[in-house]
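Enquirer: Fold the following, please.
(one chain, ligands or ions: 2)
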Amino acid sequence: MTSVPGPESIDDLLDRVHVVALPMRVKFRGITEREVALVEGPAGWGEFGAFPEYADDEAAHWLASALEMAWQGPPPALRSRVPVNATIPAVAAGEVPGILERFPGCTTVKVKVAEAGQELVDDVARVATVLQTRPGVRVRVDANGAWSVDEAAHAVRVLDQAVRAADASRAPGAGPVALDGPGLEYVEQPCATVDELVQLRERLAADGVRVDVAADESIRRADDPLRVIRAGGADRAVVKVAPLGGPRRLLAVAAELGVLVTVSSALDSAVGVSAGVAAAAALPGRGLPGHGEIFDDDDVANPTAGDAAAHSTNPAADPTVIPAAGLGTGGFFHEDVVETGALTLVDGHLPVCSVVPDPARLAGLRAAPDRRDWWLDRIRRCHAQL
Ligand SMILES: O=C(O)CCC(=O)C1=CC=C[C@@H](O)[C@@H]1C(=O)O
Ligand SMILES: [Mg+2]
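Expert: Ligands and ions are numbered 1, 2, ... in the order given. Here you go, the predicted structure:
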């Protein structure tokens, strides 16, 4: 990594680190407070937020991503805002409308399913409530690898039918469930292993269930992020900046994958989210099946917020569609590191802009001294692996 711009020394890096703890409004991924280490570099801010249980060799990729953003800045943008999906944690159906309010204008909704201790009926209720609250939205579900092949084959069929049924019930006189209408957009990481995903895709095809399978953990936690697609385990890919080692690596992986990719996040602060937005903004568009998001000319030509001049927009670039990105989880925090409004969802989109944390918030959200020490030690160890 010697040719890549970065800190002069580990001490130089550690001097630039701010460790924050962001309290959450809603439990997500089993946590109610998210700690991340933010790094101020010459090109901007980077975020190192590898989940605490990740070993150093895996966490080192996340550090590489933080250093890339802080010392190189974002890659050139092709568009000035990116479409974002609403994210519904594995909450009771009654909580869904309140959570959706935090995602104004989002026309795609990702629903967490297969939560330990819950049943398929809970997932169906959550999905049905999404469609009652926002009729016509596109729905994708994320099982985080929790289902066996049998469970997934059954659950995907049932959830797909639930979406089609909600769709049919909206159209006056539509009659029976419209099998050709839009069902689930995709199921994200239904099973844990690549072999299971391959089997599931074969099973879905044999059963006539036309729902795409998207790989998440099989890409972000794999030694070879291309394997799952090459093996026939997924139709689509979910890609995250930090686990892949930065926005430029994400773009290279996405190009090699050759399938539709959804850029998603890792319960990031606004700094981490801005890296995801930068990657999504630099992603060449591909045609989307069904009712995908279409960019207006405006999206391409006119940066809308913040220091957009820092990003070179290219009006001649492909202005077509990308899948809605999983970058909207900022609303899960009571407070973030940037001023309110600095990176806010407008009409279902996030603006492409550089974010600079507010010093008062960095101070107010500062993690406890022992936690800061824990993160600094971890950065030291991970840096030694780069
Ligand atoms: O993709 C989204 O809509 C939001 C991000 C998201 O779902 C995730 C963020 C962090 C950890 C993961 O468990 C989870 C995911 O599995 O995609
Ligand atoms: Mg996922």
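Enquirer: Give the full set of residues in contact with residue 339.
Expert: Residues in contact with residue 339 (CB atoms under 8 Å, 6 or more residues apart in numbering) are 358, 361. Quick note: C-beta positions are derived from backbone N, CA and C, even for glycine.
Enquirer: Next one: it relative to residue 357, how far apart?
Expert: Per CB to CB, to the nearest Å, residue 339 is found 9 Å from residue 357.
Enquirer: swap in residue 201?
Expert: From residue 201 over to residue 357 (counting by CB to CB), the distance is 43 Å.
Enquirer: Where does the stretch 1-150 of the chain get nearest to ligand 2, which residue?
Expert: residue 142 (4.4 Å; CB to the ion).
Enquirer: hey, what's the nearest residue to that residue once chain neighbours are set aside bridged with?
Expert: Counting by CB to CB, 6 or more residues apart in numbering, residue 142 lies nearest to residue 188, which is 3.9 Å off, once chain neighbours are set aside. The partner list for residue 188 in beta bridges (DSSP bridges) reads residue 142, residue 214.
Enquirer: Hmm, residue 188 is touching residue 238, no?
Expert: Yes: at 5.8 Å, residue 188 counts as touching residue 238 under the criterion of CB atoms under 8 Å.
Enquirer: Give me the common contacts of the two.
Expert: 214-216.
Enquirer: Any part of stretch 223-240 near ligand 2?
Expert: No: judged by CB under 5 Å from the ion, stretch 223-240 makes no contact with ligand 2; its nearest approach is 5.7 Å.
Enquirer: May I have that stretch exported as PDB, CA atoms only?
Expert: Written as PDB, here are the backbone C-alpha positions of stretch 223-240 (Å, rounded to 0.1, in the frame of the first residue of the first chain):
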ATOM      1  CA  ASP A 223     -12.100 -13.700   0.600                       C
ATOM      2  CA  ASP A 224     -13.200 -13.600  -3.000                       C
ATOM      3  CA  PRO A 225     -16.200 -11.200  -3.500                       C
ATOM      4  CA  LEU A 226     -16.700 -12.500  -7.000                       C
ATOM      5  CA  ARG A 227     -17.200 -16.100  -6.100                       C
ATOM      6  CA  VAL A 228     -20.900 -16.100  -5.300                       C
ATOM      7  CA  ILE A 229     -21.800 -14.600  -8.700                       C
ATOM      8  CA  ARG A 230     -19.500 -16.900 -10.600                       C
ATOM      9  CA  ALA A 231     -20.900 -19.900  -8.800                       C
ATOM     10  CA  GLY A 232     -24.400 -19.000  -9.800                       C
ATOM     11  CA  GLY A 233     -25.400 -18.100  -6.200                       C
ATOM     12  CA  ALA A 234     -26.900 -14.700  -6.900                       C
ATOM     13  CA  ASP A 235     -28.600 -12.600  -9.500                       C
ATOM     14  CA  ARG A 236     -27.600  -9.300  -7.900                       C
ATOM     15  CA  ALA A 237     -25.000  -7.900  -5.500                       C
ATOM     16  CA  VAL A 238     -25.200  -5.700  -2.400                       C
ATOM     17  CA  VAL A 239     -21.900  -3.900  -2.000                       C
ATOM     18  CA  LYS A 240     -20.600  -1.800   0.900                       C
END
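Enquirer: Check which residues of it are buried.
Expert: By neighbour count on 16 or more other CB atoms under 10 Å, the buried set for stretch 223-240 is 225, 228-229, 231, 233-240.
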